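Undergrad: Predicted model and sequence below, questions to follow.
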Amino acid sequence: MFQRDYIQRQIQQLTEALAQVLFHRRNQDYSEALAEIRESGLRHLGLDLDDLQGVTYSDLVEALRPGDDLDAEAAAFVAELLRQQADLMLLENADEAAAAQRYLHALALTLDVFFDAPGFQSPDTLARINTLLRATNAATLPRPLQFRLLHFFETTGQFDKAEDVLFVLAEQPDPACYAAGLALYDRLRLVSMPRLSRGRLPFQEIAEGRRAFEQLFPDTLRTPPAS
(Lines give C-alpha, C1' and ligand atoms only; values in the text may rest on other atoms or scores of the structure.)
Protein backbone atom coordinates (compact mmCIF):
# COMPACT_ATOMS: atom_id res chain seq x y z
CA MET A 1 0.00 0.00 0.00
CA PHE A 2 2.79 2.41 0.93
CA GLN A 3 4.62 1.61 -2.32
CA ARG A 4 1.47 2.24 -4.40
CA ASP A 5 0.90 5.59 -2.64
CA TYR A 6 4.52 6.55 -3.28
CA ILE A 7 4.22 5.71 -6.98
CA GLN A 8 0.98 7.68 -7.32
CA ARG A 9 2.54 10.73 -5.65
CA GLN A 10 5.58 10.49 -7.91
CA ILE A 11 3.41 10.31 -11.02
CA GLN A 12 1.35 13.30 -9.90
CA GLN A 13 4.49 15.33 -9.23
CA LEU A 14 6.01 14.39 -12.59
CA THR A 15 2.74 15.32 -14.33
CA GLU A 16 2.79 18.73 -12.67
CA ALA A 17 6.45 19.21 -13.58
CA LEU A 18 5.80 18.35 -17.23
CA ALA A 19 2.88 20.79 -17.30
CA GLN A 20 5.22 23.54 -16.06
CA VAL A 21 7.81 22.65 -18.68
CA LEU A 22 5.23 22.85 -21.46
CA PHE A 23 3.90 26.15 -20.08
CA HIS A 24 7.37 27.74 -20.16
CA ARG A 25 8.07 26.31 -23.61
CA ARG A 26 4.86 27.74 -25.05
CA ASN A 27 5.94 31.12 -23.67
CA GLN A 28 9.38 30.64 -25.24
CA ASP A 29 10.97 30.85 -21.80
CA TYR A 30 13.36 28.04 -22.57
CA SER A 31 15.77 28.63 -19.71
CA GLU A 32 12.94 28.35 -17.15
CA ALA A 33 11.70 25.16 -18.82
CA LEU A 34 15.19 23.64 -18.63
CA ALA A 35 15.50 24.69 -14.99
CA GLU A 36 12.19 22.96 -14.20
CA ILE A 37 13.42 19.75 -15.84
CA ARG A 38 16.65 19.81 -13.85
CA GLU A 39 14.81 20.45 -10.59
CA SER A 40 12.36 17.62 -11.33
CA GLY A 41 15.18 15.17 -11.99
CA LEU A 42 16.88 16.05 -8.72
CA ARG A 43 13.68 16.11 -6.67
CA HIS A 44 11.94 13.00 -7.98
CA LEU A 45 14.80 10.80 -9.24
CA GLY A 46 17.84 12.03 -7.33
CA LEU A 47 19.54 12.52 -10.72
CA ASP A 48 20.96 15.62 -12.33
CA LEU A 49 19.54 15.52 -15.84
CA ASP A 50 21.80 18.45 -16.77
CA ASP A 51 24.78 16.13 -16.40
CA LEU A 52 23.89 12.95 -18.23
CA GLN A 53 27.57 12.22 -18.78
CA GLY A 54 27.51 10.99 -15.21
CA VAL A 55 24.11 9.28 -15.55
CA THR A 56 23.90 5.93 -17.30
CA TYR A 57 20.74 4.39 -18.67
CA SER A 58 20.96 1.86 -15.83
CA ASP A 59 20.91 4.75 -13.33
CA LEU A 60 17.69 6.04 -14.89
CA VAL A 61 16.01 2.64 -14.83
CA GLU A 62 17.10 1.99 -11.24
CA ALA A 63 15.54 5.29 -10.15
CA LEU A 64 12.27 4.18 -11.77
CA ARG A 65 12.13 0.79 -10.06
CA PRO A 66 10.75 1.27 -6.55
CA GLY A 67 10.33 -2.51 -6.48
CA ASP A 68 11.17 -5.31 -8.91
CA ASP A 69 9.21 -3.89 -11.84
CA LEU A 70 9.67 -0.77 -13.92
CA ASP A 71 7.25 2.01 -12.95
CA ALA A 72 5.97 2.34 -16.51
CA GLU A 73 3.89 5.48 -16.02
CA ALA A 74 6.71 7.36 -14.28
CA ALA A 75 9.16 6.10 -16.92
CA ALA A 76 6.92 7.47 -19.68
CA PHE A 77 6.88 10.89 -17.99
CA VAL A 78 10.66 10.89 -17.52
CA ALA A 79 11.14 9.93 -21.18
CA GLU A 80 8.96 12.89 -22.15
CA LEU A 81 10.95 15.20 -19.85
CA LEU A 82 14.15 14.04 -21.54
CA ARG A 83 12.65 14.62 -24.99
CA GLN A 84 11.53 18.09 -23.99
CA GLN A 85 14.97 18.78 -22.55
CA ALA A 86 16.63 17.73 -25.82
CA ASP A 87 14.24 19.88 -27.87
CA LEU A 88 14.88 22.88 -25.61
CA MET A 89 18.64 22.41 -25.76
CA LEU A 90 18.50 22.58 -29.54
CA LEU A 91 16.28 25.69 -29.36
CA GLU A 92 18.90 27.22 -27.06
CA ASN A 93 21.64 26.25 -29.54
CA ALA A 94 23.23 23.93 -26.99
CA ASP A 95 25.53 21.01 -27.75
CA GLU A 96 23.84 18.75 -30.33
CA ALA A 97 25.65 15.69 -28.97
CA ALA A 98 24.23 16.34 -25.50
CA ALA A 99 20.73 16.65 -26.96
CA ALA A 100 21.23 13.43 -28.93
CA GLN A 101 22.11 11.58 -25.72
CA ARG A 102 18.83 12.66 -24.16
CA TYR A 103 16.87 11.57 -27.22
CA LEU A 104 18.65 8.22 -26.95
CA HIS A 105 17.74 7.73 -23.27
CA ALA A 106 14.16 8.82 -23.99
CA LEU A 107 13.87 6.32 -26.84
CA ALA A 108 15.27 3.46 -24.75
CA LEU A 109 12.93 4.27 -21.85
CA THR A 110 9.88 4.50 -24.11
CA LEU A 111 10.69 1.18 -25.77
CA ASP A 112 11.03 -0.40 -22.31
CA VAL A 113 7.63 1.00 -21.38
CA PHE A 114 6.13 -0.32 -24.62
CA PHE A 115 7.38 -3.87 -24.07
CA ASP A 116 7.11 -4.10 -20.27
CA ALA A 117 3.64 -2.57 -19.83
CA PRO A 118 0.99 -3.86 -22.29
CA GLY A 119 -1.30 -1.01 -21.28
CA PHE A 120 1.16 1.38 -22.93
CA GLN A 121 1.06 -0.35 -26.32
CA SER A 122 -1.14 2.47 -27.54
CA PRO A 123 -1.21 4.90 -30.49
CA ASP A 124 0.13 7.60 -28.15
CA THR A 125 3.19 5.52 -27.25
CA LEU A 126 3.73 4.63 -30.91
CA ALA A 127 3.60 8.32 -31.80
CA ARG A 128 6.16 9.13 -29.08
CA ILE A 129 8.51 6.42 -30.34
CA ASN A 130 8.20 7.57 -33.94
CA THR A 131 8.89 11.16 -32.86
CA LEU A 132 12.05 10.03 -31.07
CA LEU A 133 13.12 7.92 -34.05
CA ARG A 134 12.98 11.02 -36.24
CA ALA A 135 15.38 12.69 -33.80
CA THR A 136 17.85 9.77 -33.80
CA ASN A 137 19.77 7.75 -36.35
CA ALA A 138 19.31 3.97 -36.23
CA ALA A 139 22.84 3.47 -37.58
CA THR A 140 24.38 5.22 -34.57
CA LEU A 141 22.26 3.63 -31.83
CA PRO A 142 23.92 1.23 -29.37
CA ARG A 143 23.70 -2.31 -30.70
CA PRO A 144 21.38 -3.64 -27.95
CA LEU A 145 18.97 -0.82 -28.73
CA GLN A 146 19.11 -1.65 -32.45
CA PHE A 147 18.01 -5.21 -31.62
CA ARG A 148 15.24 -3.74 -29.45
CA LEU A 149 14.17 -1.56 -32.37
CA LEU A 150 14.14 -4.56 -34.71
CA HIS A 151 11.74 -6.30 -32.32
CA PHE A 152 9.60 -3.16 -32.02
CA PHE A 153 9.15 -2.75 -35.76
CA GLU A 154 8.27 -6.42 -36.21
CA THR A 155 5.81 -6.33 -33.29
CA THR A 156 4.04 -3.27 -34.67
CA GLY A 157 3.87 -4.63 -38.21
CA GLN A 158 6.38 -2.18 -39.69
CA PHE A 159 8.13 -4.96 -41.55
CA ASP A 160 10.00 -2.80 -44.04
CA LYS A 161 11.56 -0.84 -41.19
CA ALA A 162 12.40 -4.06 -39.33
CA GLU A 163 14.32 -5.23 -42.38
CA ASP A 164 16.07 -1.86 -42.66
CA VAL A 165 17.29 -2.16 -39.05
CA LEU A 166 18.36 -5.76 -39.69
CA PHE A 167 20.62 -4.59 -42.53
CA VAL A 168 22.04 -1.85 -40.29
CA LEU A 169 22.90 -4.55 -37.75
CA ALA A 170 24.48 -6.64 -40.51
CA GLU A 171 27.00 -3.87 -41.17
CA GLN A 172 28.77 -5.36 -38.15
CA PRO A 173 28.17 -9.05 -38.87
CA ASP A 174 28.23 -11.53 -36.01
CA PRO A 175 26.51 -14.86 -35.24
CA ALA A 176 23.82 -13.20 -33.09
CA CYS A 177 22.81 -10.90 -35.93
CA TYR A 178 22.82 -13.78 -38.43
CA ALA A 179 20.60 -15.89 -36.18
CA ALA A 180 18.23 -12.97 -35.55
CA GLY A 181 17.95 -12.30 -39.28
CA LEU A 182 17.17 -15.87 -40.24
CA ALA A 183 14.59 -16.11 -37.46
CA LEU A 184 12.97 -12.86 -38.62
CA TYR A 185 12.65 -14.06 -42.21
CA ASP A 186 11.24 -17.41 -41.02
CA ARG A 187 8.57 -15.55 -39.02
CA LEU A 188 7.79 -13.20 -41.90
CA ARG A 189 7.02 -16.16 -44.17
CA LEU A 190 4.16 -17.03 -41.79
CA VAL A 191 2.59 -13.56 -41.90
CA SER A 192 -0.47 -13.14 -44.09
CA MET A 193 -0.01 -11.40 -47.43
CA PRO A 194 -2.41 -8.54 -46.58
CA ARG A 195 -0.53 -7.82 -43.35
CA LEU A 196 2.81 -7.95 -45.16
CA SER A 197 1.47 -5.48 -47.71
CA ARG A 198 0.36 -3.14 -44.93
CA GLY A 199 3.86 -3.47 -43.49
CA ARG A 200 5.31 -2.54 -46.90
CA LEU A 201 7.19 -5.80 -47.36
CA PRO A 202 5.49 -7.88 -50.07
CA PHE A 203 5.79 -11.65 -49.71
CA GLN A 204 7.92 -12.00 -52.84
CA GLU A 205 10.56 -9.69 -51.35
CA ILE A 206 11.13 -11.90 -48.30
CA ALA A 207 13.19 -14.51 -50.15
CA GLU A 208 15.12 -11.79 -51.99
CA GLY A 209 15.85 -10.00 -48.73
CA ARG A 210 16.99 -13.18 -47.03
CA ARG A 211 19.40 -14.00 -49.85
CA ALA A 212 20.86 -10.49 -49.77
CA PHE A 213 21.14 -10.67 -45.98
CA GLU A 214 22.94 -14.04 -46.00
CA GLN A 215 25.44 -12.80 -48.56
CA LEU A 216 26.68 -10.22 -46.05
CA PHE A 217 28.03 -12.95 -43.77
CA PRO A 218 31.15 -15.03 -44.26
CA ASP A 219 30.79 -18.78 -43.78
CA THR A 220 32.60 -18.58 -40.44
CA LEU A 221 29.74 -16.51 -38.99
CA ARG A 222 26.91 -18.59 -40.37
CA THR A 223 26.01 -20.54 -37.26
CA PRO A 224 22.50 -21.98 -37.11
CA PRO A 225 19.99 -20.06 -34.98
CA ALA A 226 19.33 -21.42 -31.50
CA SER A 227 16.31 -23.68 -31.34
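TA: Cool, the structure landed.

Undergrad: Pull up the gap between the residue minimising distance to the centre of the chain and Arg198, please.
TA: Central residue check for the chain by C-alpha atoms, centre = their mean: the C-alpha nearest the mean position is that of Leu107, 2.9 Å away. Using C-beta to C-beta, to the nearest Å, we find Leu107 at a distance of 24 Å from Arg198. The C-beta positions use only the backbone N, C-alpha and C, and glycine is treated the same way.

Undergrad: And Lys161, by the same measure?
TA: The gap separating Lys161 from Arg198 is 13 Å, by C-beta to C-beta.

Undergrad: Grab the nearest non-local neighbour of Gln146.
TA: Leu169 (5.5 Å; C-beta to C-beta, 6 or more residues apart in numbering).

Undergrad: Let me see the confidence value for that neighbour.
TA: On pLDDT, Leu169 comes in at 97.

Undergrad: can you check Ala19 too?
TA: Looking at Ala19, its pLDDT stands at 90.

Undergrad: give me the number of residues near it?
TA: Neighbourhood size, Ala19 [other C-beta atoms under 10 Å]: 11.

Undergrad: so which strand or helix has it?
TA: Assigned by DSSP states H and E, Ala19 belongs to helix 2-26.

Undergrad: Which is the succeeding secondary structure element to that helix?
TA: Following helix 2-26 in sequence order, the next helix or strand is helix 30-40 (DSSP H and E).

Undergrad: Can you give me every residue that contacts the residue nearest to the centre of the chain?
TA: Leu107 sits next to Ala79, Ile129, Leu132, Leu133, Thr136, Leu141, Leu145 when contact means C-beta atoms under 8 Å, 6 or more residues apart in numbering.

Undergrad: List the contacts of the first one.
TA: With contact taken as C-beta under 8 Å, 6+ apart, Ala79 is in contact with His105, Ala106, Leu107, Leu109, Thr110, Val113, Arg128.

Undergrad: where exactly do the helices run in this structure?
TA: Secondary structure of the chain by DSSP state H: the helices cover 2-26, 30-40, 57-63, 72-91, 96-116, 123-134, 143-155, 159-169, 175-188, 193-198, 204-214.

Undergrad: Any stretches of the chain with poor pLDDT?
TA: 1-10, 53-54, 66-68, 223-227 (pLDDT under 70).

Undergrad: What about Asn137, how many residues nearby?
TA: Here the number of neighbours of Asn137 (other C-beta under 10 Å) works out to 12.

Undergrad: close enough to count as contact, Ala139 and Leu169?
TA: No - at 9.8 Å, Ala139 does not count as touching Leu169 under the criterion of C-beta atoms under 8 Å.

Undergrad: So which of the two has more stuff around it?
TA: More neighbours surround Leu169 than the other of Ala139 and Leu169, with 24 against 11 (other C-beta under 10 Å).

Undergrad: and the more buried one, what is it in contact with?
TA: Residues in contact with Leu169 (C-beta under 8 Å, 6+ apart) are Arg143, Gln146, Phe147, Leu150, Cys177, Ala180, Gly181.

Undergrad: Including distance to Asp50 and neighbour count, could the residues you listed go into TSV?
TA: Formatted as TSV, the contacts of Leu169 follow (distance: C-beta to C-beta, whole Å; neighbours: other C-beta atoms under 10 Å):
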residue	distance to Asp50	neighbour count
Arg143	28	13
Gln146	28	19
Phe147	30	17
Leu150	32	23
Cys177	36	24
Ala180	37	18
Gly181	40	24
